[in-house]
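Asks: sharing a model prediction with you, sequence too.
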Amino acid sequence: MESNKLKIRQQALQLIDRIDHTNLKICATEKDIINLCNEAIKYQTASVCIAPAYVKIASEFLKSYSNISANRVRICTVIGFPNGYATTASKLFEAKNAIENGAAEIDMVINIGFLKDKKFFELEKEINLIKNACGEHILKVIIETCLLTDEEKKIMCEICLNACADYIKTSTGFSTGGATLEDIKLMKSTIGNRKLKIKAAGGVKSFEDLIEFVNAGADRIGTSRIIKLLEDEKQ
């Protein structure tokens, strides 16, 4: 039993560089964000995922380090968050402002009402406009899978592909549910080998979850739980 737990832990540690280490809590303070950055440097996560108000602070903090480990940590932020019904103009401003402040990755929320109304052209146009604003910076599109039918999830995979998004992301973590393995498998089967990656967010709470979600097709994982588990172990 212990040897199996150790094996799972070792497998999970090899996947740390796929984690967007996240703190999007409404009550998050500057101290919390700095702590998040320190943990990301320590464990070499893919990024820190934080609210737009803290992007510049995090960017300046990471730049204050002279070592390579800090430079490898990217800053990810969210726009149109968490409900997605801001105007396209507002989302574009948020994206450009975040990049100016130091963000390397943008996670945007779609207008879910547009999807329900079958306004597919409007959705694709908005995503494409924001991707153009992002340029070489990564754009992840949050579709809030817990509110969608399987058919709507498949449609959003196609829209994200057509709009040249870099990732499709399951969840904000602020709705009725997070990522599920079934969602990741469905999205992966829809995308196939085409150029669109998957981010699972809101459902990864253990080393076992991390491994299972990656094996199911997730390229990135949005979570704070994995690093907390590692920190708790040390304590």
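Replies: Okay, I see it. Numbers count the residues shown, from 1 in each chain.
Asks: show me the contacts for Lys25.
Replies: Asp32 (C-beta atoms under 8 Å, 6 or more residues apart in numbering). Using the backbone N, CA and C atoms, a C-beta is placed for each residue, glycine as well.
Asks: where does this protein have its least confident helix or strand?
Replies: helix 68-71 (a mean of 78; mean pLDDT, DSSP states H and E).
Asks: what's in contact with it?
Replies: Ile41, Gln44, Leu62, Lys63, Tyr65.
Asks: buried set for that helix?
Replies: Ala70 (16 or more other C-beta atoms under 10 Å).
Asks: how far does it sit from its chain's centre?
Replies: Taking C-alpha atoms, centre = their mean, to the nearest Å, one finds helix 68-71 lying 20 Å from the centre of the chain it belongs to.
Asks: mind listing residues that contact stretch 123-138?
Replies: Here stretch 123-138 has contacts from 76, 79, 88, 91-92, 95-96, 99, 103-106, 108, 110-111, 114-115, 139, 141, 156, 159-160, 162-167, using C-beta under 8 Å, 6+ apart.
Asks: over to stretch 228-235?
Replies: Glu39, Tyr43, Ser206, Phe207.
Asks: surely the third one touches Thr223?
Replies: No: contact between Ser206 and Thr223 fails when scored by C-beta atoms under 8 Å: they sit 9.9 Å apart.
Asks: who has more neighbours, those two?
Replies: Taking neighbours as other C-beta atoms under 10 Å, Ser206 and Thr223 compare with Thr223 leading, 28 against 14.
Asks: so is the residue nearest to that one when sequence neighbours are not counted in a helix, a strand, or just coil?
Replies: Excluding its sequence neighbours, the residue lying closest to Thr223 (C-beta to C-beta, 6 or more residues apart in numbering) is Val204, at 4.4 Å. Following DSSP: H, G, I helix; E, B strand; the rest coil, the label given to Val204 is coil.
Asks: state the distance from Val204 to Leu229.
Replies: According to C-beta to C-beta, to the nearest Å, Val204 stands 11 Å off from Leu229.
Asks: neighbour-wise, which of the two wins?
Replies: More neighbours surround Val204 than the other of Val204 and Leu229, with 24 against 16 (other C-beta under 10 Å).
Asks: ok, back up a step: mind giving me the ChimeraX command for buried ones among the contacts of helix 68-71?
Replies: ChimeraX command restricting those to the buried ones, with burial defined by 16+ other C-beta under 10 Å:
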select :41,62
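Asks: just the ones in helices from the contacts of helix 68-71, please.
Replies: In helices, judged by DSSP state H, the following of the contacts of helix 68-71 are found: Ile41, Leu62, Lys63.
Asks: was I right to think Arg225 contacts Ser206?
Replies: Yes: in this structure, Arg225 is within contact of Ser206 by C-beta under 8 Å, at 7.3 Å.
Asks: give me the number of residues near Thr176?
Replies: Thr176: 8 surrounding residues under other C-beta under 10 Å.
Asks: so it sits in a helix?
Replies: No: counting by three-state DSSP, Thr176 is not part of a helix but coil.
Asks: all the helices of this protein, residue numbers only.
Replies: 2-13, 30-43, 55-63, 68-71, 88-101, 112-116, 120-134, 150-162, 181-191, 207-216, 225-234.
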